[in-house]
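Q: Below is the sequence, then the predicted model.
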Amino acid sequence: MPKHFKKRSEKGGLPPGTLAYVGEKKVEKVIITVFDYDSERYEEKELKSIEECFPYKDTPTVTWINMAGIHQVDIMEKIGNHFGIHPLVMEDILNTGQRPKMDDLEDYVYVVLKMLNYNEEDDEIDAEQISIILGQNFVISFREKERDVFEPIRERIRKNKGRIRKKGADYLAYTLVDSVVDNYFAILEKIGERIEFLDEELVENPSTQTLQEIHGLRRELIFLRKSIWPLREVISELERGESSLIKESTGIYLRDVYDHTIQVIDTVETFRDMLSGILDVYLSSISNKMNEVMKVLTIIATIFIPLTFLAGVYGMNFRYMPELEWRWGYFTALFLMASVGIGMVIYVRKKKWL
Amino acid sequence: MPKHFKKRSEKGGLPPGTLAYVGEKKVEKVIITVFDYDSERYEEKELKSIEECFPYKDTPTVTWINMAGIHQVDIMEKIGNHFGIHPLVMEDILNTGQRPKMDDLEDYVYVVLKMLNYNEEDDEIDAEQISIILGQNFVISFREKERDVFEPIRERIRKNKGRIRKKGADYLAYTLVDSVVDNYFAILEKIGERIEFLDEELVENPSTQTLQEIHGLRRELIFLRKSIWPLREVISELERGESSLIKESTGIYLRDVYDHTIQVIDTVETFRDMLSGILDVYLSSISNKMNEVMKVLTIIATIFIPLTFLAGVYGMNFRYMPELEWRWGYFTALFLMASVGIGMVIYVRKKKWL
Amino acid sequence: MPKHFKKRSEKGGLPPGTLAYVGEKKVEKVIITVFDYDSERYEEKELKSIEECFPYKDTPTVTWINMAGIHQVDIMEKIGNHFGIHPLVMEDILNTGQRPKMDDLEDYVYVVLKMLNYNEEDDEIDAEQISIILGQNFVISFREKERDVFEPIRERIRKNKGRIRKKGADYLAYTLVDSVVDNYFAILEKIGERIEFLDEELVENPSTQTLQEIHGLRRELIFLRKSIWPLREVISELERGESSLIKESTGIYLRDVYDHTIQVIDTVETFRDMLSGILDVYLSSISNKMNEVMKVLTIIATIFIPLTFLAGVYGMNFRYMPELEWRWGYFTALFLMASVGIGMVIYVRKKKWL
Amino acid sequence: MPKHFKKRSEKGGLPPGTLAYVGEKKVEKVIITVFDYDSERYEEKELKSIEECFPYKDTPTVTWINMAGIHQVDIMEKIGNHFGIHPLVMEDILNTGQRPKMDDLEDYVYVVLKMLNYNEEDDEIDAEQISIILGQNFVISFREKERDVFEPIRERIRKNKGRIRKKGADYLAYTLVDSVVDNYFAILEKIGERIEFLDEELVENPSTQTLQEIHGLRRELIFLRKSIWPLREVISELERGESSLIKESTGIYLRDVYDHTIQVIDTVETFRDMLSGILDVYLSSISNKMNEVMKVLTIIATIFIPLTFLAGVYGMNFRYMPELEWRWGYFTALFLMASVGIGMVIYVRKKKWL
Amino acid sequence: MPKHFKKRSEKGGLPPGTLAYVGEKKVEKVIITVFDYDSERYEEKELKSIEECFPYKDTPTVTWINMAGIHQVDIMEKIGNHFGIHPLVMEDILNTGQRPKMDDLEDYVYVVLKMLNYNEEDDEIDAEQISIILGQNFVISFREKERDVFEPIRERIRKNKGRIRKKGADYLAYTLVDSVVDNYFAILEKIGERIEFLDEELVENPSTQTLQEIHGLRRELIFLRKSIWPLREVISELERGESSLIKESTGIYLRDVYDHTIQVIDTVETFRDMLSGILDVYLSSISNKMNEVMKVLTIIATIFIPLTFLAGVYGMNFRYMPELEWRWGYFTALFLMASVGIGMVIYVRKKKWL
């Protein structure tokens, strides 16, 4: 998690608005695709050069420019200049350590989100920053990675499913945000499963492994919380509809995403609560187990230490030890030891230590 | 609890407003009943097909359509279309992982609640989602299960008890909400009893079982809290009466439910506090018990280890050990051991370890 | 504490506004007393039947009807009907599990409070619900028990002490609220004394008893907090003076009660903080004590186990053990043992374990 | 701390506004001093009787009446009547268990503060209640004790240092409040030093004493917090300048005190955080120390118990034990024991227990 | 940390507005540099005496006076008087224990910040107070130390990089604030690295050293939080642009710094969460390790104590012990011991203690 702060300082003394990519290079080549559609027709293109998308800016149809890969600063600068995006906003798009936020800059609305992805292999969550610029009739989306999370949306445009082709650019932007939030549910399910698994394992067989698991999940929830918490405010601001770019009819959809976000936050908090409950139970289980072991030690010691002492006494080499000469001395001693031993066991049982 | 997130992701890429039931199928067949009443007369019917309820939409009398079972998407679609319910709302009704909320959509008010049921057999709480659509003069309620929690209300309509037949649809909707909130008190009583039982058991006989109980109750309170907390806002919004569908005279009743909700939330918080107190006492009791056991070990060891050493000394086979030859050597040794033993006991008692 | 939820559910399916007493019967017979006064004269009566108080409703003098015992539903219904009190309010008066609250119903103001009483015998706090109806020139107070907490106020009316006879019904209502809040200070003093006592005992002699005490006090503070916290809002609402029944000149008195309430809440929070501090110290003390015991065990074992081994070696029966034949073998062995023992003690002391 | 609640209840049934001193008598005689000044001249007097200060009420010059000792109810009543102070305010002045607060009563402003004093001898903080009445051109200050904390202010008036003689009564009131707040910094320094000392001691030598120290400091911080927290609101209300008695030009000075108050609160919170960190480290240190001791026990036992067993075996008195007859039997046994012992030590070291 | 309170009290009774340096003297000589620039030209000077900068006050160009070292009270007084800075503000500049804050005094805006510096040598953070006075067309910055953190800004002015020369004094002030906030990221990176390092070390090899590290980091985060938390409000107040000195076009830049500040606060909170997670894991690891050691002790004792007892029995010197005479007695005894030992090991393994 603290990785996001690594490169930030390298940008140190540069004047604000200077573009520099802060993050790892996650794709080889920048892939730019353009969708241009209205309710009647649609056009889909993969661009060779960024300049090809410039003419779409002023068409009355809805244009969606999607960039996968943001590490080529020159391309970013060109697109920023052409679409009139403020240098500070461009800087934010390139700096992948952003906090989710929403800026209304009158000509366009700028939204930053965190797309999370659950990595099955090493049970870790990795984040990708998604920036969305919503203009009068265009949407530009910037992603760090190639993995195509927006494919279902593209499919809907192609097949004219649902309302998407009938609505404007603001509805497209909502759809993008919605698909990011929907993705959180998948992450939460995975985490929920792991917590449930942990909860069962806890009762049956608490191990040091369990502690590592709890710690790992806690770290992930801290991370998730940091990514999701500010989202609430972002979508609430979008919904309150102060921007003229967002039509009132889109309001109900944004409200729906808002509800989902609240639900996600609620669940994260619930998971945190459950996890701290699990940690408590884990710690108690461990100390209970220890107690059990200690008790056995105590009982063994309580029973045998006095007996060993008795054996020691009759192992002494004094010349005059009358008991030693007795015919039944040995058996009396054995009987004595057995009595003491059994008495101890009874005492221990009465004290409920066994 | 995390079960609610299981199926959510299966809906993944579908466009918003697509109807799909998210939840377990809890009844075999959908049961639809209709009540139509005013202060003079009432009519009660169980419907064969959903179309039969359509004519009631525009009658001046109050109509209550109650659906038990929401898994038949086609029926849901028909009713949604006829009563002009927004597809997103229909989606929410079908998705049983909703958070309690209230949406005012001008033509109707949509309320989602969680009906909780305490399962006596396995001491668990299960939740059922209840959706209520309040229109001009109709109320549609959707439930997941057959179990008829609204029977007392039906009885009141039939027998014309209280004000229900004299009042409009908003009062009917209030009655439904009220019966859900009243149900929470029953749940809280059960939990209260278990906490009280735990509290007594704790003093008498703390066991590993107790820890499992505390953990279970904590998990249930987390779950309850998640279901009940948002209710406060829901009812407060209803009460503030911004919707024209809710008459001012219903305000005082809503305020009453609001007070009950606050009381429920208060009690949940109090229970959480008490439970964390019980956990603290449990942990201390366990560690006190362990201390007691440890002390016994220490005392046994403290007394017998030196004695065993003494016995060992006189068990050595050196040729010249003058004590061994003494006439009263053995008895002197025994006396010495007794003195050391008694001295140790006195020391231990003085230190207040026994 | 969870007792308050016991009977609530028995009222289950009844329509709202149906009167039924929820609580224990705390007095045998209902006692109704009436005070009627203005600055010139006063009249005091104990009523045989409730109807006798009806004529006082419309007199210009201030009338105070005080009911001790609210379990006779028929009497309650009559008084409710005559004074025009809303059935929901009457329901709240009878349901003794209310949260402190204030309702302004234009014709009258309804206030619910919790009178707390410290039971010296079993060191427990029990609560009694006090409902106050403030009308144009009458005050009706409902109490569950006979114990007369309002006697000093009555005395003041009789002897015309202070301002009470010169002021209206709102001042009387304030006086009742004030006497309830004043009572909290007495409770807090008792708890404060017990915390102070605990704090001293802790240093001198922590025992399992102490833990029970801490747990008990914590439970009481949770209970107190639940009763007192909502009071703040109640009095603040009264003070803000939105009701025309409360004259502006009474405002400064209400502000005074408000200050007292804040002081009470502050103190409860401070006590909670102190108690959690005491719990921490208790737990540490217990574990410190345990450590001390463990150390002694360790030291005894550390010293004697090697010595016992040495004794064991010379107790072996090998034929050829040259040391055994030496003239000074025994004394050398004893000397060796002493050296090892003393060396161990020095080591242990250097390690600061003793 | 809970001392403040001791006497409160003794006032039980008295009507509000009845004057009675609640607190300890901290000075023998009440000392009343009067300062009367404007920018040109000043007059200083110690009064014999309270009546002497009455004529100053209506002079155009600024008058400062300072009372040390408030236990003589008759004097208090006279001054209250002459300066037209509301009986409830007089009651608050006499009741030394007040929470810091500010009341604007149009003709005058009433401010209660807590002056704290660090008692070097027993490392405790004791509080004194300071009440300030700010009128049109007079300030009356009431203190419980003789100790003259306002001497530097008096000196400033005498020597005409700073702005004090040029400004009005509100500036004088500000100066009094400022000197109280400034005093908090001295307290915080003392506590800061003790925390720093504790922090160092912790690393070098944690002892049971340390725990007592942490507990004591925590209790003091709880006390400080209770005294200082409400101050923020008090000064903020004064600053917002809704009273006509406080000139706008005094606003910037009040803002300055406000900043200091926030700084004090900040520091108290920081100290609380640090202290809870220190407690955590203390507890861990103690348990680490215990672990170390336990390890030694384990190692000694692990090494010698098997060896002692071996010695025991060869100490058995069986007739046919071939090893005993061997020429080198004894030395073989010793060698075996040494091997086992050294093997154990190596194992223990490998496990990193030593 | 508590160092900041050390000298504060020495100023005790002085009237407000009296200048006295509260802090350590961190540079030998005060260094004053002046920058005067507009978009066309710039001038840079190091001043011999403070009077040299006075003429710049009224030039239309932007003037930046930077003072390193604030301990010479006479210089401070002169500059305060010439630029018309209120004595209370001058007092705040000299008192280095300020909390970050912003004061709008109409003619100028006063901002206090904490510049933090990570000291690589002793892994500690030290703070320096930076005061900024923003006037109509001048900015005065006061620093305690010589270390030139503003050099990159100076470089930008010299080389006319970015917008700085084209914008006014408010933009310069923003740049200063921005460079302070940017610096926090560097600190956070260092701390992030140490937390990551701790997290890894924890799994591999928890030691007492780790606890010291956790404690140290916690203390640093408390310190950071205290310095950074109020910043949020400061910048938010600046951004809301109520001062006429801050042009609207600077708003977007301030918003950017605000976002950064929120990000810093977020990260500090995340670090705190992570650290408390690490502490939990550390404590569990330590107690797990202890458990492991205890188990070995128990097992050794469980196995050997009964065996030693058996050996003791056959070491007794009774005359008639038939077993001792048997031909195979010794081997039977050995076999018996081996059986008991192996049985114990099997039991222990079955109980999963090994």
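A: Happy to help now that I have it. Only a predicted model underlies this, so the values are computations on that prediction, with no experimental measurement involved.
Q: need the residues of the stretch 201-350 of chain A near chain C, please.
A: Within the stretch 201-350 of chain A, the positions near chain C by CB under 8 Å from any CB of the partner chain are residue A:315. C-beta here means a position set from N, CA and C on the backbone, and glycine is covered the same way.
Q: For the residue in the stretch 201-350 of chain A that chain B sits nearest to, which residues are in contact?
A: Here the stretch 201-350 of chain A gets closest to chain B at one residue, residue A:312, 3.1 Å apart by CB to the nearest CB. Neighbouring residues of residue A:312 by CB atoms under 8 Å, 6 or more residues apart in numbering or on different chains: B:307, B:308, B:311, B:312, B:315, E:312.
Q: Skipping its backbone neighbours, what lies nearest it in space?
A: residue B:311 (3.1 Å; CB to CB, 6 or more residues apart in numbering or on different chains).
Q: What about the one you found, how many residues nearby?
A: 26 (other CB atoms under 10 Å in any protein chain shown).
Q: that's a strand at it, yeah?
A: No: read with DSSP: H, G, I helix; E, B strand; the rest coil, residue B:311 is helix and lies in no strand.
Q: right, and it touches residue A:316 too?
A: Yes: the pair residue B:311 / residue A:316 is scored as a contact, 5.9 Å apart, by CB atoms under 8 Å.
Q: on that earlier part again, contacting residues for the residue nearest to residue A:312?
A: Applying CB under 8 Å, 6+ apart to residue B:311 gives the contacts A:309, A:312, A:313, A:315, A:316, B:337.
Q: Most neighbours out of those, which is it?
A: Using other CB under 10 Å as the neighbour criterion, residue A:312 leads those with 31 neighbours.
Q: picking that back up, dump the contacts of residue A:312 to TSV, plus pLDDT.
A: Converted to TSV, those look like this (pLDDT from 0 to 100):
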residue	pLDDT
B:307	88
B:308	87
B:311	86
B:312	86
B:315	83
E:312	86
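Q: what's the closest of the residues you listed to chain C?
A: Nearest to chain C among those, with distances taken as CB to the nearest CB, is residue B:312, at 3.2 Å.
Q: elements contacting the helix or strand bottoming out on mean pLDDT in chain A?
A: Least confident element among the helices and strands of chain A, by mean pLDDT, DSSP states H and E: helix A:322-325 (a mean of 80). Helices and strands touching helix A:322-325, by 3 or more CB pairs under 8 Å, 6 or more residues apart in numbering or on different chains; DSSP states H and E, are helix A:329-350.
Q: For the least confident helix or strand of chain A, which residues meet the burial criterion?
A: A:323, A:324 (16 or more other CB atoms under 10 Å in any protein chain shown).
Q: Contacts for that helix, please.
A: Applying CB under 8 Å, 6+ apart, the set of residues contacting helix A:322-325 is A:314, A:329, A:332, A:333, E:317, E:318, E:319.
Q: and which of these is nearest to chain C?
A: residue E:317 (10.7 Å).
Q: Contacts only, for that closest one.
A: Applying CB under 8 Å, 6+ apart, the residues near residue E:317 are A:314, A:315, A:316, A:317, A:321, A:324, D:317.
Q: farthest pair in those?
A: A:321 and D:317 (14.0 Å; CB to CB).
Q: who's in contact with stretch A:242-254?
A: In contact with stretch A:242-254 (CB under 8 Å, 6+ apart) are residues A:104, A:108-109, A:134-136, A:167-171, A:174, A:178, A:235, A:238-239, A:241, B:16, B:86, B:88, B:105.
Q: Make a PyMOL selection of the buried ones in these.
A: Provided next is the PyMOL selection string for whichever of the contacts of stretch A:242-254 are buried by 16+ other CB under 10 Å:
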select buried, (chain A and resi 104+108+109+134+135+167+168+169+170+171+174+178+235+238+239) or (chain B and resi 16+86+88)
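Q: Narrow the contacts of stretch A:242-254 to those in strands?
A: Counting by DSSP state E, the members of these that fall within strands are A:104, A:109, A:134.
Q: Now for the residue nearest to the first one when sequence neighbours are not counted, how many residues are close by?
A: I take that to be residue A:104. Setting aside the residues directly before and after it, residue A:104 is nearest to residue A:243 in space (CB to CB, 6+ apart), at 4.8 Å. Here the number of neighbours of residue A:243 (other CB under 10 Å) works out to 16.
Q: Give me the three-state assignment for residue A:243.
A: Taking three-state DSSP as the rule, one finds residue A:243 in the coil state.
Q: Could you pull out the buried residues of the helix or strand harbouring residue A:76?
A: Assessed by DSSP states H and E, residue A:76 sits inside helix A:73-82. Within helix A:73-82, the residues scored as buried using 16+ other CB under 10 Å are A:75, A:76, A:78, A:79, A:80.
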